[in-house]
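J.: Sequence first, predicted model second:
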Amino acid sequence: MERFIPDDVINEIRARCDIVDVISGYIPLKRAGGRFKALCPFHSEKTPSFMVNQERQIYHCFGCQKGGDVFRFVMEKEGVDFPNAAHILASKCGVVIPERQRGPGQAGSSDESGRQREKLYKIHEELAFWYSRILAENSSSKVAEYVRTRGIPQESLLKFRLGAAPDAWDEALRLLNGKGYSEEEMLLAGIAIRNEEARRTYDRFRNRLVFPIWDEQGRVVGFSARTVEKDSDGAKYVNSPETPIFKKSRLLYALHMAREAIREKQYAILCEGQLDVIAMHSAGFTNAVAPQGTAFTEEQGRILRRYCERIFLCFDADEAGMKASLRVLEILLPLGFEIRIISFPNGKDPDEFLKTNGADALKTAVDNAISFYEHLLSRAMKAFDVNSPFGKNKIVAEMLFYISRIESSVVRSEFAAKLALDLKLSENVVFAELNKKLEKPYYQPQDAQVPTPPVQQEVPETALSRAEEVLLEICLTHGDVGKMLSEELPEEMISSTPVGRALNTVISYTLNGEWENSTKVLLDQLCSEPSPVLSRILADVDTMRYSGDRLKKAVDDCLFTIKKQSLERETERLLKEIEACQDDDGRNRLKSLCIETRKKLLALSKLKNS
């Protein structure tokens with residue numbers, strides 16, 4: 001059994017423990033303007049480079065680059081894991097942690113917390129039933145029309161309990177209020193939003209196709225709602241916020257439906273989104289699931305590991321889908337999965353492919369799934385010249401980046417030997433390069449019970465990384481910028497670095513009307529996933545650094561840099577594909593795409609210079 005601390009207790013500890021008071025108990029702090037400085041307790045130095053931001057409750061050392069919140073400080077200083085750090089802090093601030101061990105069938109939370117959670121489950125069940133009834137009884141609504149356009153079969157609507165949120169500001173609130181639920185309970189459930197300035201509370205989901213989200217036990221714990229209007233000003237998807245029962249990093253869409261099929265087939269199909277999962281299920285692949293949210297997490301991978309050892313990735317074939325699948329590979333390989341890749345021709349997704357080609361063709365695509373190794377090698381050989389020593393070096397580096405993350409040394413060695421054979425290289429050379437990668441393990445040991453999370457490798461500062469850092473700082477200090485970036489900056493143009501993911505998080509929270517909570521979410525991310533660059537930005541953010549005309553210029557310059565580099569990379573990729581393509585029609589199509597990309601690049605430069 002493992003020690004379990006309820007989230008509400010963790011939040012109370014965080015609220016009571018002022019980071020300045022805690023750190024002052026270990027080292028002397030001196031005020032420096034609006035910050036506190038000290039000699040770093042984690043490395044030897046003569047000039048203070050350790051800074052504490054009391055407003056944001058974060059520390060950062062500009063020398064050794066360590067940083068985080070009050071929990072991370074105690075973990076680093078005392079050399080303990082998170083639960084022990086929480087107990088140390090709880091004793092300092094007078095919070096009583098319920099001494100419970102969580103085992104099979106035990107809730108691990110107080111009676112009051114349990115009653116609260118049960119009420120939240122009932123609220124979500126009430127709404128799920130109501131949304132599905134609205135869709136069924138209003139065949140002329142925009143949502144019903146969208147469902148018909150997408151060709152979602154009736155059996156799928158019923159199985160996945162799809163519904164419609166009405167085009168009104170407070171119908172859900174009035175429904176729940178009539179059933180005895182308070183406004184505070186609706187806010188806690190995440191189905192309502194309060195506008196403090198207007199002193200008004202309204203429905204989070206309006207005029208959207210609604211997908212209920214279930215936990216592993218099949219209880220409705222949240223919603224994902226898709227817009228049905230082509231020219232909507234809002235986000236394409238609006239999702240439930242984090243609540244006591246909705247933790248998106250721990251949820252997989254439709255897992256409660258898929259787990260028996262996963263066990264039976266001995267593999268899971270991991271899709272990008274809800275509609276893809278629905279398509280796979282309707283075609284007979286009831287072992288399909290999807291991450292809940294924009295990014296797959298290690299926690300979700302560990303959940304799947306309980307059910308199977310093989311995963312088939314079924315992501316879109318466009319650039320965004322390719323990047324997402326590569327990020328998933330980084331997470332799944334260290335967990336010991338055998339991974340295969342399902343691909344569809346012409347860049348189609350499972351939903352579109354099923355409608356166009358039928359269930360038999362989709363089954364063929366699944367049967368023809370290739371190993372992650374074949375997929376990566378094919379991709380690398382298209383990107384780099386295999387006949388050039390420098391190109392071959394890049395291919396090896398790209399392949400070993402992923403092979404080095406494989407958990408099993410036996411499997412790792414087999415793939416390394418295969419790589420040497422495929423590229424006509426000496427095994428000794430490939431294994432020497434692999435050993436260089438393994439000198440800095442992906443996981444650093446902490447103790448036998450609790451492995452330390454992987455520390456993200458920081459890339460050298462470039463114009464692109466600097467642009468993302470500036471945009472993140474601006475988004476954290478100006479609550480209206482995130483919405484503008486969502487319209488101007490496609491998600492696939494943002495990097496998968498810790499800063500890039502943090503920028504996507506702040507934009508997402510801004511669109512969901514939760515900008516104020518984004519800093520706390522990033523601090524939680526830092527505690528489990530240390531990032532020197534991210535901790536520096538959070539610790540050193542200055543509300544006056546970008547304002548007025550300087551704010552607009554900074555945003556415009558950053559957008560130009562990111563878009564320019566993205567278009568340049570796309571042009572380079574297309575040129576390589578043109579060179580490698582042997583088919584005339586294919587070459588002509590690629591040339592047209594390349595011309596269009598160059599036109600966009602030229603237009604961007606003209607706009608910048610105007």
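T.: Yep, it's here. Keep in mind it's a predicted model, so treat the numbers as computed, not measured.
J.: And the chain, what are its domain boundaries?
T.: For the chain, automatic domain parsing gives the domain ranges 2-102, 111-246, 252-368, 377-438, 463-609.
J.: Just name the most buried of those domains.
T.: domain 252-368 (a mean of 20; mean count of other C-beta atoms under 10 Å). (Glycine included, C-beta is placed from N, CA and C.)
J.: Pull up the distance across that domain, start to finish.
T.: In domain 252-368, first residue to last residue: 25 Å (C-alpha to C-alpha, to the nearest Å).
J.: pLDDT of that domain, averaged?
T.: Mean pLDDT, domain 252-368: 88.
J.: what sits against the residue lying closest to residue 431 once chain neighbours are set aside?
T.: Setting aside the residues directly before and after it, residue 431 is nearest to residue 416 in space (C-beta to C-beta, 6 or more residues apart in numbering), at 5.8 Å. Counting by C-beta atoms under 8 Å, 6 or more residues apart in numbering, residue 416 touches 400, 403, 427, 430-431, 434.
J.: Can you name every helix or strand that the lengthiest helix in the chain contacts?
T.: Longest helix of the chain, by residue count under DSSP state H: helix 548-580. Packing contacts for helix 548-580, counted by 3 or more C-beta pairs under 8 Å, 6 or more residues apart in numbering; DSSP states H and E, involve helix 372-383, helix 463-477, helix 481-488, helix 584-609.
J.: rerun at 10 Å
T.: Applying 3 or more C-beta pairs under 10 Å, 6 or more residues apart in numbering; DSSP states H and E, we find helix 548-580 packed against helix 319-332, helix 372-383, helix 463-477, helix 481-488, helix 584-609.
J.: Present the contacts of residue 416 as CSV; the columns should include distance to residue 51 and secondary structure.
T.: CSV is the format used below for the contacts of residue 416 (distance: C-beta to C-beta, whole Å; DSSP: H, G, I helix; E, B strand; the rest coil):
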residue, distance to residue 51, secondary structure
400, 37, helix
403, 39, helix
427, 49, helix
430, 44, helix
431, 43, helix
434, 39, helix
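J.: out of these, who's nearest residue 603?
T.: Lowest distance from residue 603 to these (C-beta to C-beta) belongs to residue 400, with 39.0 Å.
J.: what's the pLDDT at that closest one?
T.: 94.
J.: ok now do it, which residues does it touch?
T.: 412, 415-416, 419, 430-431, 433-438 (C-beta atoms under 10 Å, 6 or more residues apart in numbering).
J.: likewise residue 434?
T.: Residue 434 neighbours (C-beta under 10 Å, 6+ apart): 396, 399-400, 403-404, 412-413, 415-416, 419-420.
J.: Just name the closest of the residues you listed to residue 55, please.
T.: For those, the nearest to residue 55 is residue 404 (40.3 Å; C-beta to C-beta).
J.: How much space separates the closest one from residue 438?
T.: 6 Å (C-beta to C-beta, to the nearest Å).
J.: likewise residue 387?
T.: 29 Å.
J.: ditto for residue 70
T.: 34 Å.
J.: same check, this time on residue 375
T.: In terms of C-beta to C-beta, residue 375 sits 22 Å off from residue 438.
J.: just residue 432 next, same as before
T.: Counting by C-beta to C-beta - residue 432 and residue 438 are separated by 11 Å.
J.: Between helix 584-609 and the longest helix of the chain, find me the angle.
T.: Angle between the axes of helix 548-580 and helix 584-609 is 160 degrees (criterion: axes from the mean of the first three to the mean of the last three C-alpha atoms, to 10 degrees).
J.: mean confidence for helix 548-580?
T.: Mean predicted lDDT for helix 548-580 stands at 86.
J.: what about the residue nearest to residue 431, distance to residue 42?
T.: 36 Å.
J.: and the residue nearest in space to the middle of the chain, what helix or strand is that in?
T.: Taking C-alpha atoms, centre = their mean, the centroid of the chain lies closest to residue 295, which sits 2.5 Å from it. Of the helices and strands defined by DSSP states H and E, none includes residue 295.
J.: try residue 28
T.: Residue 28 is part of no helix or strand, with elements assigned from DSSP H and E.
J.: cool, and the one 3 residues further on?
T.: Applying DSSP H and E as the criterion places residue 31 in strand 30-32.
J.: Whichever helix or strand comes after that strand: partners in the sheet, and parallel or antiparallel?
T.: Going down the chain from strand 30-32, the next helix or strand is strand 35-38, by DSSP H and E. The strands that strand 35-38 pairs with in its sheet are strand 30-32 (antiparallel), strand 50-53 (antiparallel) (by DSSP bridges).
J.: Could you tell me the least trusted of these?
T.: What stands lowest among the strands paired with strand 35-38, in mean pLDDT terms, is strand 30-32, with a mean of 86.
J.: Identify the residues contacting that one?
T.: 20, 36-39, 48, 51-52, 54.
J.: now do 8 Å
T.: 36-38, 48, 51.
J.: can you redo those residues as JSON lines with distance to residue 503?
T.: Below are the contacts of strand 30-32 laid out as JSON lines (distance: C-beta to C-beta, whole Å):
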{"residue": "36", "distance to residue 503": "27"}
{"residue": "37", "distance to residue 503": "28"}
{"residue": "38", "distance to residue 503": "30"}
{"residue": "48", "distance to residue 503": "30"}
{"residue": "51", "distance to residue 503": "22"}
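J.: Which two of those have the greatest separation?
T.: Top of the distance list for the contacts of strand 30-32 (C-beta to C-beta): 36 and 48, 9.7 Å.
J.: wait, residue 518 sits on residue 509?
T.: Yes: between residue 518 and residue 509 a contact is recorded at 4.1 Å, counting by C-beta atoms under 8 Å.
J.: mind listing the helices for the stretch 401-550 of the chain?
T.: 409-422, 427-438, 463-477, 481-488, 498-511, 518-528, 532-540, 548-580 (DSSP state H, counting those that start in this stretch).
J.: quick one, which of those is nearest to residue 126?
T.: Here helix 498-511 is closest among these (C-beta to C-beta), at 25.7 Å.
J.: Convert the C-alpha atoms of the closest one to CSV, please.
T.: Presented in CSV, the C-alpha positions along helix 498-511 are these (Å, rounded to 0.1, in the frame of the first residue of the first chain):
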residue,chain,number,x,y,z
PRO,A,498,8.9,22.7,-21.2
VAL,A,499,8.5,26.4,-22.1
GLY,A,500,6.5,25.6,-25.3
ARG,A,501,4.2,23.3,-23.4
ALA,A,502,3.8,25.9,-20.6
LEU,A,503,2.8,28.5,-23.3
ASN,A,504,0.2,26.1,-24.6
THR,A,505,-1.1,25.5,-21.1
VAL,A,506,-1.5,29.3,-20.4
ILE,A,507,-3.2,29.8,-23.7
SER,A,508,-5.6,26.9,-23.0
TYR,A,509,-6.4,28.2,-19.5
THR,A,510,-7.0,31.7,-20.8
LEU,A,511,-9.5,30.4,-23.4
